[in-house]
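Asks: Below: sequence and its predicted model.
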Amino acid sequence: MKKIFNTTNLVYLLLVIFGTLVSFKPPSDPDFGWHYKYGEYFVQHGKILRDNIFSYTNTNYEWSNSYWVAELVMYLSHHFLGSVYSTLILSFALSVILLVIIKKQTRNLLNISINYILLSVSLSIYALTVRPFYYSTVFMFFLFYLLIFKKDWIRLLPFVFLIWANTHADFVPALFVYGVYCLDNWVQKTIRTKDSKNLHFQANSFLDSFKIFFLCVFSTLLNPYGIKLWATLAKELTQPIKSLVNEWGPFDFSFSNTTTLFISFLLAVGLISSFSVFKRKKDQFGWWYKILIIFFYILSIKACYFGRLFFIMSSFAIIQELEILVGSLPAFFKSKKVYLPKVSLPVFLVLLSFAASSLFIENVSLASDISKWSTEGKYPYNALGYIKKNPMGGNMWNTYNWGGYLIWQLPEYKTFIDGRMAAWNENGKFFIKEYRLISYDPEKYSDLLNKYLSDYNITWILDIPKSKVIKYLLEKSNQNSQWKSVYEDEISIIIKKK
């Protein structure tokens, strides 16, 4: 009993509790709805949904969905367990995984605690537990752990990438990471060998360094779409979505709130720690690691989506560097004649968990009531109630951020646009780009707006009250009485053709 209830195990327990509390989020992500419906379709029909049945635009677009396994898990868990229990399980599992990964790198309790808190808080910003890249995040941690500490396990990567390619599109940057590692490995072998100028040696060395990488690439082709999945992702590399999807835009570095200060601090610490550990432990953190850190740091400045990947890879360096700093603290406190009792760390974690519990209770309350989190997330819950009581004819124009929610909560009506379409393009023409032009300046692009309204028989519009499209059509309506407002609240407005 004494071994179980010691200070170390108490700290581990409190860390997992804290991680679970801060990771838990209600299913308010804009894309949650269509992910859920894709999983539902698979269960109901026994096959992957390949056609676009959720919108009346882009009906013939061929889209290879790399999320289908995650979507299946998402639907089954939320359908049978409910949003609270399913998210709670994922939050707890992620907390345990983070603790295991950190424990593998250091035994110092204070170092473990600091890094655990930093990682838990930084990852909670991305609402992982209600999004498919929850699994991608776990795989990315596993990938870096293998490349740095368990090189003998690299042979497992083809199997990992097989699952990854059917779970989330992040397998592409992961392949890039592993490719840079293999390239560095090949260059180092060539430089250190007397036969470095021998072409035969270089070819054999190259194959030896990249053989598992090629197997990983091949394993990603073992998906329901085959090579088409890669073709889809290649098209999405040029996606013009930065102005519409927040995470593809930069972090807000205006230092207007605690979150941006924390992100700025963590990015800086990660970069400095990575450069420092490179000098001390080149065998583990080689040139490949330094190159990737610089590359993803730059990407993180441009798009906060990549911040998550930077936090993951830099966490390994931060742990190593904090080991030195934390290890010197006992001598420092002793020299200053400062006494810190052993219960100081557990007490601090108790207080920290207590502080996080208020947010957790609020999130649980939201997750258990769709009307609450819909209102909190600025989704048109009450407007949908009106629509169900007053059926609408014709097609709807909806705002982009509500597309996934409407697919889920208003399946009887097809959407005009939704989160799946962020990168959809045909013949170099992006549907979302035209939507953006109309949304930002409907008067200037009135011909394009009228073309959509006419071609798709759009007879009603569901949007935010401050929508420029709504304002333009109602002002225009004062002249010819074409449109009228039939519903409005603080979150949404519905206008309809007379």
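Replies: Perfect, thanks for sending it.

Asks: where do the helices sit along the stretch 251-400 of the chain?
Replies: 258-280, 287-302, 305-327, 329-335, 344-367, 370-376, 381-389 (DSSP state H, counting those that start in this stretch).

Asks: Which among these is found nearest to T137?
Replies: Among these, the nearest to T137 by Cβ to Cβ is helix 305-327 (6.8 Å). C-beta coordinates here come from the backbone N, C-alpha and C atoms, glycine included.

Asks: before we move on, back to that, if we compare the helices of the stretch 251-400 of the chain, which one ends up closest to L10?
Replies: In terms of Cβ to Cβ, the element of the helices of the stretch 251-400 of the chain nearest to L10 is helix 344-367, at 5.2 Å.

Asks: got any ranges where the chain has weak pLDDT?
Replies: Where the chain drops to pLDDT under 70, the residues are 1-5, 193-202, 238-246, 252-256, 329-342, 477-480.

Asks: Longest helix of it, counting residues only.
Replies: Criterion DSSP state H: the longest helix present in the chain is helix 68-103.

Asks: how is the chain carved up into domains?
Replies: By the assignment in automatic domain parsing, the chain contains the domains 1-131+328-377, 378-497.

Asks: CSV for those, including mean neighbour count?
Replies: Compiled in CSV, the domains of the chain are given as follows (neighbours: other Cβ atoms under 10 Å):
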stretch, mean neighbour count
domain 1-131+328-377, 17
domain 378-497, 17
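
Asks: CSV please, covering the ones you listed and showing distance to P173.
Replies: Output for these, formatted as CSV (distance: least, Cβ to Cβ, whole Å):
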stretch, distance to P173
domain 1-131+328-377, 13
domain 378-497, 15
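
Asks: about what we covered before: need the helices of the stretch 251-400 of the chain in TSV with distance to A70, can you?
Replies: Output for these, formatted as TSV (distance: least, Cβ to Cβ, whole Å):
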stretch	distance to A70
helix 258-280	26
helix 287-302	23
helix 305-327	16
helix 329-335	41
helix 344-367	19
helix 370-376	21
helix 381-389	25
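
Asks: Ok, which of those helices comes nearest I101?
Replies: helix 305-327 (8.3 Å).

Asks: mind listing what I17 touches?
Replies: Residues in contact with I17 (Cβ atoms under 8 Å, 6 or more residues apart in numbering) are S95, S353.

Asks: Quick check: the gap between it and I263.
Replies: From I17 over to I263 the distance is 24 Å, taken as Cβ to Cβ, to the nearest Å.

Asks: I494 too?
Replies: 37 Å.

Asks: Over to K378?
Replies: In this view, K378 and I263 are 23 Å apart by Cβ to Cβ.

Asks: so how far is stretch 116-135 off the chain centroid?
Replies: How far stretch 116-135 lies from its chain's middle: 8 Å, per Cα atoms, centre = their mean, to the nearest Å.

Asks: Just the C-alpha atoms of that stretch, please, in PDB.
Replies: The C-alpha coordinates for stretch 116-135 follow below in PDB (Å, rounded to 0.1, in the frame of the first residue of the first chain):
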ATOM      1  CA  TYR A 116       3.000  18.000 -18.700                       C
ATOM      2  CA  ILE A 117       1.300  21.300 -17.800                       C
ATOM      3  CA  LEU A 118       2.800  23.100 -20.800                       C
ATOM      4  CA  LEU A 119       1.800  20.400 -23.200                       C
ATOM      5  CA  SER A 120      -1.700  19.900 -21.800                       C
ATOM      6  CA  VAL A 121      -2.600  23.600 -21.900                       C
ATOM      7  CA  SER A 122      -1.000  24.200 -25.400                       C
ATOM      8  CA  LEU A 123      -2.800  21.200 -27.000                       C
ATOM      9  CA  SER A 124      -6.100  22.100 -25.300                       C
ATOM     10  CA  ILE A 125      -6.200  25.200 -27.500                       C
ATOM     11  CA  TYR A 126      -6.900  22.900 -30.500                       C
ATOM     12  CA  ALA A 127      -9.900  21.100 -29.000                       C
ATOM     13  CA  LEU A 128      -8.300  17.700 -29.900                       C
ATOM     14  CA  THR A 129     -10.900  15.500 -28.200                       C
ATOM     15  CA  VAL A 130     -13.700  16.400 -30.600                       C
ATOM     16  CA  ARG A 131     -11.600  16.400 -33.800                       C
ATOM     17  CA  PRO A 132     -10.000  13.700 -36.000                       C
ATOM     18  CA  PHE A 133      -6.500  15.000 -35.500                       C
ATOM     19  CA  TYR A 134      -6.700  13.800 -31.900                       C
ATOM     20  CA  TYR A 135      -5.300  10.500 -33.400                       C
END
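
Asks: Report the angle between the host helix or strand of I17 and helix 68-103.
Replies: Using DSSP states H and E, I17 sits within helix 7-23. Counting by axes from the mean of the first three to the mean of the last three Cα atoms, to 10 degrees, helix 7-23 points 150 degrees away from the direction of helix 68-103.

Asks: what's the angle from helix 7-23 to helix 344-367?
Replies: 30 degrees.

Asks: Out of the helices of the stretch 251-400 of the chain, which gets nearest to F430?
Replies: Across the helices of the stretch 251-400 of the chain, closest to F430 is helix 305-327 (Cβ to Cβ), at 18.4 Å.

Asks: Would you mark the buried spots in the closest one?
Replies: For helix 305-327, the neighbour count (16 or more other Cβ atoms under 10 Å) marks 305-323, 326 as buried.

Asks: The helix or strand containing V138: which residues count as buried?
Replies: Per DSSP H and E: V138 is located in helix 133-149. By neighbour count on 16+ other Cβ under 10 Å, the buried set for helix 133-149 is 133-148.

Asks: List just the nearest of these to S368.
Replies: Set against S368, the nearest of these by Cβ to Cβ is Y134 (20.2 Å).

Asks: and the gap between the nearest residue to G39 once chain neighbours are set aside and Y36?
Replies: Residue nearest to G39 in three dimensions, not counting chain neighbours: Y75, with 2.8 Å by Cβ to Cβ, 6 or more residues apart in numbering. Note on Y75: its distance to Y36, by Cβ to Cβ, is 5 Å.

Asks: ok, now K429?
Replies: 29 Å.

Asks: again with S485
Replies: Taken as Cβ to Cβ, the span from S485 to Y36 is 31 Å.
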